[in-house]
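Visitor: For reference, the sequence and a predicted model appear below.
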Amino acid sequence: MALDKIKVLGIHSSPVKGGNVAHLLEHALNETAKMEGVETETVVLAGLNFSDCTQCNWCMRKQTPEQLCKIEDDISPILMKIRDCDVLVLASPVYFARLSGLMAFLIDRTRCFIFGKEKHLALKDKVGVALTVAWTRNGGIETTLESIHSAFLLHEMWTPSVHPAGAIFGVGAVSGQMNEDLSYKTGKLGVLEDRQALGAAVLLMKKAVQTAGMLKSLK
């Protein structure tokens, strides 16, 4: 019996249109889309009108399949997409050694999947992938990835790693590429020169899709 297609949803929170975070996510999803039985979709949070979770607990008492959260805004249809995907890829720029505010708001709103009346731990056994881009090598990459991974673990999602590629907690790329004299290059898309990160993103996505396929076969 053939399995349904594996749905990969990528969401990024960079305010820069066509910037480094967007390119890292696009590279990862474009390569993933070449895999048999996979469909991908990208969502950009910048420009959307949405608010943070208020912990009103409405989802615990009144949630329905058609309305996951009391707050109805631009995040509402995205929550539906998250619910229906098999692999969730969250990509955030590094802000002050942490994820961006937009990504934090989105993650907070996924609380409706943990305590929701319709299904507790609704994201359990989905696969999560974390991507981030920082300006400097030690500018908060791992703390940002750790924050996203913590959200995946709270949802009891799977977070695969690819040790040979250095993708242990997700993939962190560097956009501030340096010259030999330690001055920074002036190109706007430095992430495209971080070949290690680009390659690691492809390998990690391949592992994520394989993991999602294994999990679907067990259901």
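Guide: Noted; the coordinates are in hand.

Visitor: Please enumerate the helices of this protein.
Guide: In the chain, the helices defined using DSSP state H lie at 20-32, 58-62, 76-84, 101-109, 111-115, 141-154, 195-217.

Visitor: Just the buried residues of the third one, please?
Guide: Going by neighbour count (16 or more other Cβ atoms under 10 Å), the buried part of helix 76-84 is 78-79, 82-83. In short, each C-beta sits where N, CA and C put it, glycine included.

Visitor: Most tightly packed of the helices of the chain?
Guide: Mean neighbours per residue, mean count of other Cβ atoms under 10 Å, is largest over these for helix 20-32, with a mean of 22.

Visitor: outside of that helix, which residues touch it?
Guide: Around helix 20-32, the neighbours that count as contacts under Cβ atoms under 8 Å, 6 or more residues apart in numbering are 8, 10, 12-14, 16, 38, 40, 42, 44, 89, 91-93, 129, 131-133, 171, 173, 175, 189-192, 197-198, 201-202, 204-206, 209.

Visitor: could you flag which of those residues are buried?
Guide: The neighbour-count test (16+ other Cβ under 10 Å) marks 8, 10, 12-14, 38, 40, 42, 44, 89, 91-93, 129, 131-133, 171, 173, 175, 190-192, 197-198, 201-202, 204-206, 209 as buried among these.

Visitor: Pull up the gap between the residue most central in space within the chain and Ile107, please.
Guide: By Cα atoms, centre = their mean, the chain has its centre lying nearest to Leu90, at 1.1 Å. Separation of Leu90 from Ile107 (Cβ to Cβ, to the nearest Å) stands at 8 Å.

Visitor: where do the contact lists of the two overlap?
Guide: 148, 151.

Visitor: And the residue of the chain positioned farthest from its centre, how far from Ala151?
Guide: In the chain, the residue that sits farthest from the middle, by Cα atoms, centre = their mean, is Asp181; the gap is 34.8 Å. Separation of Asp181 from Ala151 (Cβ to Cβ) stands at 40 Å.

Visitor: swap in Gly37?
Guide: 27 Å.

Visitor: which residues does the closest residue to the residue nearest to the centre of the chain other than its chain neighbours contact?
Guide: Excluding its sequence neighbours, the residue lying closest to Leu90 (Cβ to Cβ, 6 or more residues apart in numbering) is Ile148, at 5.2 Å. Residues in contact with Ile148 (Cβ under 8 Å, 6+ apart) are 90, 92, 99, 103, 107, 128, 130, 132, 170.

Visitor: Pass me the low-pLDDT residue ranges in this protein, would you?
Guide: Scanning the chain with the threshold set as pLDDT under 70 gives 1-3.

Visitor: Swap in 80 and give it another go.
Guide: 1-3, 178, 182, 185-187, 219 (pLDDT under 80).

Visitor: who's in contact with the residue nearest to the centre of the chain?
Guide: Residues near Leu90 by Cβ under 8 Å, 6+ apart: 11-13, 103, 106-107, 128-131, 148, 151.

Visitor: Swap in 10 Å and give it another go.
Guide: 9-13, 25, 45, 82, 99, 103, 106-107, 128-132, 145, 147-149, 151-152, 170 (Cβ atoms under 10 Å, 6 or more residues apart in numbering).

Visitor: With Ile6 instead?
Guide: 32, 35-40, 85-87, 127, 208-213, 215-216.

Visitor: same check, this time on Glu142
Guide: Neighbours of Glu142 in contact, by Cβ under 10 Å, 6+ apart: 94, 97, 132, 134, 149, 168-170, 172.
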